[in-house]
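A.B. asks: generate coordinates for the sequence data below:
(chains A and B)
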Amino acid sequence: MEAAARAGGAVMGIEEIDAAFGSVPHAIIGAVAANQFMPARQTMDIDFAIAQRDVDLATEALHAAGWRLQHELVVRPPLAGVTWQSADDQPVDIIIVPGRWGEALVDSAMANRAGSVPMASLPHLVILKMIAGRATDAGDIARMLGHQDALTLEAVRTLARRVLQESELADLDQLIELGRLEYGPPPMEGSAGIQGPPDSRGRNSGPRAPGGLKR
Amino acid sequence: MTRGRPPALSADLSDRLVEMSQGYGLSAREISGVLERVGIAAPFGGKRWHPSTVSRSLIQRGVVLPKGRPPRWRREPRPEVVTPLHVITAIAWRRRAPGSGSDLWRLRPERVGR
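C.D. replies: As a prediction, this is how the structure comes out:
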């Protein structure tokens, strides 16, 4: 339950909430998931994502668990969202993610849950927050990515290229820059001969680390 | 089908390949591209990472690789509106290129959304 322990106060009872989904693929998103990758920020909300293909199944499962549908959430299309009230009267926001990338988000979280709750992976979380586009999301992306090494950042960019448009990829690079400004220059680490990743203008960024995975 | 001896990778790099494949869902071809762009030296010398090198390493770790090409998830182009995220990234751009930022980004009323 390491991930849950890092995720902060909102994790209290998260396993019980998680169980209400039954076999319906889902992923924990929002600050609870983001706190795995950045200095924890306080949150009262527990947000889940489900794929659009599973909306009917999820509605059935949550009704069966004694949950009550509250209201629709105001989120930017193509995302949609609803607030449910759990059986113990806790509000739970559920974001409905369309398309194959929505399915990939929940499927990868379910495949990697390893006995724990299904947390969205870093790149899926970043893509979701890029599309949501709120100020909080921008801050979360900067803090989640600002301290990551070159390999992780390039992997995130590679997955993001499947979903985001060119202008959004440029925005992502800017948020990484903001995160680096917040965390300061990365320490040198690893073994010899590793170059940093190219930035959006094709230049190699940062100092060459003596051999391992450069931040 | 991948043949040949599996490459000898450091435990750290091998773990990272597994994470990129299983955790992120990247294909062997995408992972080899990531490794090349980051500049990690290939196990048999040089900078070129062949996808089959990545595949062999992942198979050695027990990873079941998906068949076929990675899915394309392109969604509909979204309307040209300015969100808080755009404003924040514009600030980041101005900090990155001091003196030129004010000409690079202008908020036009017709682009401002909710």
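A.B. asks: most centrally placed residue in chain A?
C.D. replies: A:Leu125 (1.9 Å; CA atoms, centre = their mean).
A.B. asks: tell me the pLDDT at that residue?
C.D. replies: If you check A:Leu125, the pLDDT there is 95.
A.B. asks: please name the nearest non-neighbouring residue to it.
C.D. replies: A:Ala33 (5.6 Å; CB to CB, 6 or more residues apart in numbering or on different chains). No exception for glycine: its C-beta is placed from N, CA and C like everyone else's.
A.B. asks: list the buried residues in the helix or strand in which that neighbour is found.
C.D. replies: Using DSSP states H and E, A:Ala33 sits in helix A:30-34. Within helix A:30-34, the residues scored as buried using 16 or more other CB atoms under 10 Å in any protein chain shown are A:30-34.
A.B. asks: what is that helix packed up against?
C.D. replies: The contact analysis (3 or more CB pairs under 8 Å, 6 or more residues apart in numbering or on different chains; DSSP states H and E) places helix A:30-34 against strand A:47-51, helix A:122-132, helix A:135-145.
A.B. asks: and that helix, how far out from the chain middle?
C.D. replies: A distance of 7 Å separates the centroid of the chain from that of helix A:30-34, by CA atoms, centre = their mean, to the nearest Å.
A.B. asks: mean confidence for that helix?
C.D. replies: Here the average pLDDT along helix A:30-34 is 90.
A.B. asks: check stretch A:67-85 too.
C.D. replies: 90.
A.B. asks: skipping adjacent residues, who's closest to B:Pro84 in space?
C.D. replies: In space, and not counting its chain neighbours, B:Pro84 is closest to A:Ala135: 3.7 Å by CB to CB, 6+ apart.
A.B. asks: check whether stretch B:46-65 contacts chain A.
C.D. replies: No: judged by CB under 8 Å from any CB of the partner chain, stretch B:46-65 stays clear of chain A, getting no closer than 9.2 Å.
A.B. asks: dump that stretch to CSV, keeping only the CA atoms.
C.D. replies: Taking C-alpha atoms only, stretch B:46-65 is exported to CSV below (Å, rounded to 0.1, in the frame of the first residue of the first chain):
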residue,chain,number,x,y,z
GLY,B,46,26.8,2.8,-31.0
LYS,B,47,23.7,4.9,-30.5
ARG,B,48,21.2,2.9,-32.5
TRP,B,49,18.7,0.8,-30.5
HIS,B,50,17.0,-1.8,-32.6
PRO,B,51,13.4,-2.6,-31.4
SER,B,52,14.4,-6.3,-31.4
THR,B,53,17.1,-5.5,-28.8
VAL,B,54,14.4,-4.0,-26.6
SER,B,55,12.0,-6.9,-27.3
ARG,B,56,14.6,-9.5,-26.3
SER,B,57,15.4,-7.7,-23.1
LEU,B,58,11.7,-7.4,-22.2
ILE,B,59,11.0,-11.1,-23.1
GLN,B,60,13.9,-12.1,-20.9
ARG,B,61,12.1,-10.3,-18.0
GLY,B,62,8.9,-12.2,-18.7
VAL,B,63,7.1,-9.3,-20.3
VAL,B,64,4.4,-10.4,-22.8
LEU,B,65,4.6,-7.9,-25.7
